[in-house]
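# Just the structure for this:
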Amino acid sequence: MSTLAPTDSPTPSPARASLRRVRGLVRANARLVVRNRLTLSYAVVLPLLPLLLVLGGDRGAIGPGAASVITVVMLALLFPVFYNTLSMIVTRRDELVLKRLRTGEVRDAELLVSLAAPGAIIAMLIGLVTIPAALALGVPAPQAPVLYLLTIAVASVTLATLAFWTAAWTRNAEAAQLTSMPVMALLVAGQLAVGFPDEVRRWIAYTPGGAVTDLVRGSWFGLGPDDGVDPTLDTLGAWAGAGVPLLVLVAWTLLGGWLAARSMRWEPRA
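Residues are numbered from 1 along each chain as shown. Next up is the predicted model:
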């Protein structure tokens, strides 16, 4: 009687194993976000509240609609992506979670992606929900919806990278409320640039907030950087004008990644 020799299970490829590790870490981090009601409220509810600003203006008016949608995008990038990623890195570093994970199979890049992914996913979902919600409130339909969603995706990577860098010089979770202020200022300044002189506004356009503001104005409302509330761009024009703002976001991403690579800390200071 012949017996069958045991066969070894195939070894997964390195890429598949890496994807499996990242997927497991993302699920774990997402559960922590969902279980924290305070974090979930400022990550999901707070960014959508600016849509109520539309109710105070003329139905279908571009001015209030543009202000509300841009504010929604800014808050979605600021809280779920930037601040949530920053606080998770600092908290898990202080609890020695990052140090323990790095002693196993998890690579540094996988760890960082898993920390930033829940916030980026929430930001994308907020961006998607904003479209039907804004339409129901009388805001005009997006001129280039794919570019609008691409803006949120690219800006999420930028803000996550800046969160990695900010975490490097944030001593603890309480200090994150102060160390996050420079990046918050870079976002808020872009949205407020409309009221600044042309010389100042020209420089603010090279901040992450300025780039996001220009991209949302063009992709949703067909507004150029120097336009008021009168659309001048069609779909092709919105894509054509997106080159410089997208490059600005990419440049900030590279800068943030370079700074984070030089100063990232995985355990508390002695």
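
# How is Asp230 assigned, secondary-structure-wise?
coil (DSSP: H, G, I helix; E, B strand; the rest coil).

# which stretches of this structure have low pLDDT?
Within the chain, the stretches with pLDDT under 70 are 1-12, 55-61, 195, 227-229, 270.

# how about the longest helix along the chain: buried residues?
Assignment by DSSP state H gives helix 108-136 as the longest helix of the chain. By neighbour count with 16 or more other Cβ atoms under 10 Å, helix 108-136 contains the buried residues 110-124, 126-127, 129-131, 133-134. Quick note: C-beta positions are derived from backbone N, CA and C, even for glycine.

# Please report how far Leu86 lies from Ala176.
Leu86 sits 5 Å away from Ala176, going by Cβ to Cβ, to the nearest Å.

# Just give me the residue right at the centre of this structure.
Ser156 (2.5 Å; Cα atoms, centre = their mean).

# related to what we said a few turns ago, after the longest helix of the chain, next one along is what?
helix 145-168 (DSSP states H and E).

# Taking helix 108-136 as reference, get the angle to that following helix.
Inter-element angle recorded for helix 145-168 and helix 108-136: 140 degrees (by axes from the mean of the first three to the mean of the last three Cα atoms, to 10 degrees).

# what about Leu86 and Ala176, which has more around it?
Neighbours per residue, other Cβ atoms under 10 Å: of Leu86 and Ala176, the larger number sits with Leu86, 28 against 20.

# what about the more buried one, helix or strand, and which?
helix 84-94.

# and that helix, what other elements does it pack with?
helix 14-35, helix 97-102, helix 108-136, helix 145-168, helix 176-179 (3 or more Cβ pairs under 8 Å, 6 or more residues apart in numbering; DSSP states H and E).

# and with 6 Å instead?
Applying 3 or more Cβ pairs under 6 Å, 6 or more residues apart in numbering; DSSP states H and E, we find helix 84-94 packed against helix 108-136, helix 145-168, helix 176-179.

# No further questions, thank you.
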